[in-house]
Structures are given as C-alpha cells and as structure tokens.
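Student: I need the structure of the sequence given here:
(chains A, B, C and D)
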There are 2 protein chains.
Amino acid sequence: MQQTKRDELVRKALDTFYRNGFHATGMDMIAAETGVSKTSIYKHFRTKEDLILAVLRLRDENFRNWLFRRMDDLADTAGGQLLAMFDALEEWFRQDSYRGCMFIKASAEYQELDDPIHTQSAEHKRLLQDHVTSLCREAGAAAPQDLARQLLLLKEGAIIMAVLGRGPAAAQDAKTAARTLIDAALPKA
Amino acid sequence: MQQTKRDELVRKALDTFYRNGFHATGMDMIAAETGVSKTSIYKHFRTKEDLILAVLRLRDENFRNWLFRRMDDLADTAGGQLLAMFDALEEWFRQDSYRGCMFIKASAEYQELDDPIHTQSAEHKRLLQDHVTSLCREAGAAAPQDLARQLLLLKEGAIIMAVLGRGPAAAQDAKTAARTLIDAALPKA
DNA sequence: CGATGGGTTAACCGATCGGTCAACTAACGG
DNA sequence: CCGTTAGTTGACCGATCGGTTAACCCATCG
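Tutor: Next up is the predicted model:
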C-alpha cells in the first residue's frame, strides 16, 4: 500500500514536472496536483532532488519500454526496427502532451556534469544507445557502434526540431536520413 | 553611452543565464554579476522576460555570425562549408564554457508554443536552416531543403550528445554521417 | 474505556523570488 | 548661488521557494 501511494505520487509528479519544468514547479504545486500533502511527500523523499531522481527513473523505464516495444511491434527485422524507431517517434510527437525529451530538459536545467540529475539523464541516453547498437550489430552493420551513434544523433535532433518549429515531420526527416545511413553502413547488398 | 551600458548589461546577463539557467537565475544575481542595480536594470527592461529576449537576440546574432564565419574560413566550396560546420561545432564543444545550445535550453524552460521566448528560439533555428539550405543549393543538392533539414538534425543531435555523455566526439560522429548524407544527396558524381 | 503509534495536516520557517519606491547624487542652466 | 533633472541606489513589497514542526486523526490492542 505504501509503495503504491509512493508510485502514484511519482507518476503524477512526472506529469507536472514534464508539463511545467523542474525549477518552475514548486513543491506546493506538486502537493496540490498529487493531492498529497508536502509533509507526506517529504516522508518519502528527503529533498526535491530525490523526488526528481525518482521521477527520472520512472520516465526512463516507461520510455524505453514503450519505444522498444513499439519498434518491435512495427517491424520484424533488426534493420526494420531501426527505421521503425522514427515512426514510433512520430507517434510520440503527435501527442498533444508532447513537450520534448524529459532528460534533455533535465540536463538543461541541471547542467553541472557531476549533478546526479545530469548523470542520470546521460545514463538514459547510454541505455538507448546500447539497445540501438545491438540492433545495428544484428542488422549486420560493419561498425555497429558508429552507426548507432549516428542514428541516435538523428533521434535527438528530431526530438529537438519537433519542439522547435518542425513538428511531427521531423520524425520523417530523420527516418529518410536514417535509411541513407543504414544503407551506407551495411556491407554492399 | 546609454546604449553601451545596456549592451554591457545584456552581454553579462547572457553569461549568467547561460551558465546558470533561466529560472535558476534571479534578478538579484544578475544585478550582482553585472554590477548594475536592480532598479537600473528595470529602467532598461520592463520585466525579466524582456531581458531574456534581449539576451537571446544577442546570442542569436553572435552565434550565427561566429558559426557562418568559421565555416567560411575553414572551407572554400559550399559542400566543404557544410562539412566544416561540424568542425566548427567541435571547436565549440571543446570550450570549457560549453553548456549546450542556449535556445534549446530556453525552449526547455519556456515550453508554451506561444511564449515569446519559445518562438524566438524557434526563429533562431529557422535562420540557421535558411543559411544551410542555401549552401545545400549552392553545392548542387537535388533537394536542398531536405538535405538541410537532415544536416540540422545532425547538428542539434550533436549539441545534445556533446552535453549528455559523448563530449566533443559527437561533432565527428555527426560529420561522418553528414558526409554520407551529402554524398547521397548530390547528383551522381 | 484509554493508551499507543503511524500517517496526515495546516501552519510556519528563513531565504529568495520578480518588481517597486523614496531618497540621493551629480551635472547643467539661470 | 539655487533649481531642475536624469540616473542610481539600498531598502522594501507581497508572494513563493524548499523544507520543518506540532497538533491531530483513527485504527489497533489491552
């Protein structure tokens, strides 16, 4: 029961931070939005930073699960899944609630490299990178890690441009570029 | 004289906001860092938002001037300049003061699409896009706008990954990918 | 019935937020 | 010399910041 309440708190706090930003969201607002009093919040989390870290952990889990599952549903082959990543991104971009990548925003607000919030955001990107790398390897890329890095650049760029003017179309821009990069990285077919 | 003082204020405020973030930087801190009292600041700018907008205007001007000039210095041909963009980015990433793109951070903290800070950040990206598009056209790309969009994705992605774990090497990752995309976009050589 | 203990709450803490105001200073015209 | 005025200042405004505290509610147990 206790765990459930705490999870619910983190889940709702995630929405609020995602919509509003981290510094711009006060603990009073979190209390109001979640219906949990500040004192109870501070029973579960020692500081606001601890709450944010818990929120980011949940976000990492949710996002990777969703993205990888969606890629898996959309395509059978490893190469197809790499391309399907951008279709999944487009679905994300089309959501009304889309406000960019939570980890990019977190690292933008907490910039010191040794800040736990920053390092945890970097870890999220590393985990994505690992999965994409193994798909590249499976697809038969000559240099799977290099290809994965290139594809990740396209993904992050698309996330940014979807926010800053290009909208959901950024996903297809990225997909087109990804196809070119993948073709070039595979041993001559 | 008045204009000079104001410019100096904006210049120093830029450093502080860039280092510290927007919400995290109070007007008292700006006053302390610039040596200008709050009352004088508010003589020049009606609100904090107005100051931020002035800061972003200066940043846009400085950054585009620097980047385009650097690209021009590093290469003679249009195609070469497109590739040189990533070498220039690497120089930027290597600076100790590098903290990512100010406009990405601004849009992360001010997310509403109709927020002036957000729209001005989007405008900056649009201006970059325009310049890159004309270089793509000059280089003889079949679809210059499409190629420019792809290259911009790589640039934004590199900016993000340079912050979140990959460091300056992100620039060369992007350059390698850019070469592939440019080759594919030019009429068969 | 009363004692106990975990969980919740409104009220409060000093600090800081964005923004304002009355008083002061210094340069210039008569 | 005084009066005016533009520009600057530290002190101050109510609101909110992250975080704490004392009181209270209510189920359990004797």
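
Student: Any part of the helix or strand where residue A:152 lies near chain B?
Tutor: Counting by DSSP states H and E, the element that carries residue A:152 is helix A:144-163. Yes: Helix A:144-163 lies within reach of chain B by CB under 8 Å from any CB of the partner chain, at A:146, A:149-150, A:152-158, A:160-161, A:163. To be clear about C-beta, it is placed using only N, CA and C from the backbone, and glycine gets the same treatment.

Student: Please apply the same query to stretch A:85-103.
Tutor: Yes: residues of stretch A:85-103 contacting chain B under CB under 8 Å from any CB: A:99-100, A:103.

Student: swap in stretch A:40-48?
Tutor: No: contact of stretch A:40-48 with chain B (CB under 8 Å from any CB) is absent, the minimum separation being 12.8 Å.

Student: quick one, phi/psi of residue A:46?
Tutor: phi -70, psi -40 (degrees, to the nearest 10).

Student: For it, list the residues it contacts.
Tutor: Going by CB atoms under 8 Å, 6 or more residues apart in numbering or on different chains, residue A:46 touches no other residue.

Student: Lowest mean pLDDT among the helices and strands, pick that one out for chain A.
Tutor: The helix or strand of chain A with the poorest confidence is helix A:2-20; it has a mean of 88 (mean pLDDT, DSSP states H and E).

Student: residues of it that come out buried?
Tutor: A:6, A:9-10, A:12-14, A:16-18, A:20 (16 or more other CB atoms under 10 Å in any protein chain shown).

Student: for these, which one is nearest residue A:40?
Tutor: residue A:9 (8.2 Å; CB to CB).

Student: The top helix by length along chain A and DNA strand C, are they touching?
Tutor: Taking DSSP state H as the criterion, chain A has its longest helix at helix A:48-74. No: in terms of CB under 7 Å from any atom of the strand, no part of helix A:48-74 sits within range of DNA strand C; the closest distance is 12.3 Å.

Student: any bit of that helix sitting next to DNA strand D?
Tutor: Yes: looking at helix A:48-74 against DNA strand D by CB under 7 Å from any atom of the strand, the contacts come from A:48-49.

Student: Show me which residues of the next helix or strand after that helix are buried.
Tutor: Following helix A:48-74 in sequence order, the next helix or strand is helix A:78-94 (DSSP H and E). Judged by neighbour count using 16+ other CB under 10 Å, the buried positions of helix A:78-94 are A:78-79, A:81-90, A:92-93.

Student: re the thing from before, measure how far the least confident helix or strand of chain A is from the centre of its chain, please.
Tutor: Relative to its chain's centre, helix A:2-20 lies at 17 Å (CA atoms, centre = their mean, to the nearest Å).

Student: Against which helices or strands is it packed?
Tutor: Other helices and strands packing on helix A:2-20, by 3 or more CB pairs under 8 Å, 6 or more residues apart in numbering or on different chains; DSSP states H and E, are helix A:27-34, helix A:38-44, helix A:48-74, helix A:102-109.

Student: Can you give me every residue that contacts residue A:78?
Tutor: Residue A:78 sits next to A:135-136, A:138-140 when contact means CB under 8 Å, 6+ apart.

Student: returning to what we had before: would you convert the helices and strands packed on helix A:2-20 into JSON lines that also reports distance to residue A:122 and mean neighbour count?
Tutor: JSON lines is the format used below for the helices and strands packed on helix A:2-20 (distance: least, CB to CB, whole Å; neighbours: other CB atoms under 10 Å in any protein chain shown):
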{"stretch": "helix A:27-34", "distance to residue A:122": "25", "mean neighbour count": "16"}
{"stretch": "helix A:38-44", "distance to residue A:122": "25", "mean neighbour count": "14"}
{"stretch": "helix A:48-74", "distance to residue A:122": "11", "mean neighbour count": "16"}
{"stretch": "helix A:102-109", "distance to residue A:122": "7", "mean neighbour count": "25"}
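
Student: closest one to residue A:183 among those helices?
Tutor: helix A:48-74 (18.7 Å).

Student: Touching stretch A:105-119 from outside, list them.
Tutor: Stretch A:105-119 has contacts (CB under 8 Å, 6+ apart) with A:21-23, A:49, A:52-53, A:56, A:99, A:120-122, B:19, B:21, B:23-24, B:99-100, B:104-105, B:108-109, B:163-164.

Student: returning to what we had before: just give me the closest of the buried residues of helix A:2-20 to residue B:73.
Tutor: Among the buried residues of helix A:2-20, residue A:18 lies closest to residue B:73 (CB to CB), at 41.6 Å.

Student: So the closest one versus residue B:49, what's the distance?
Tutor: 22 Å (CB to CB, to the nearest Å).

Student: just residue A:186 next, same as before
Tutor: 50 Å.

Student: what sits against residue A:168?
Tutor: By CB under 8 Å, 6+ apart, the neighbours of residue A:168 are A:90, A:93-94, A:162.
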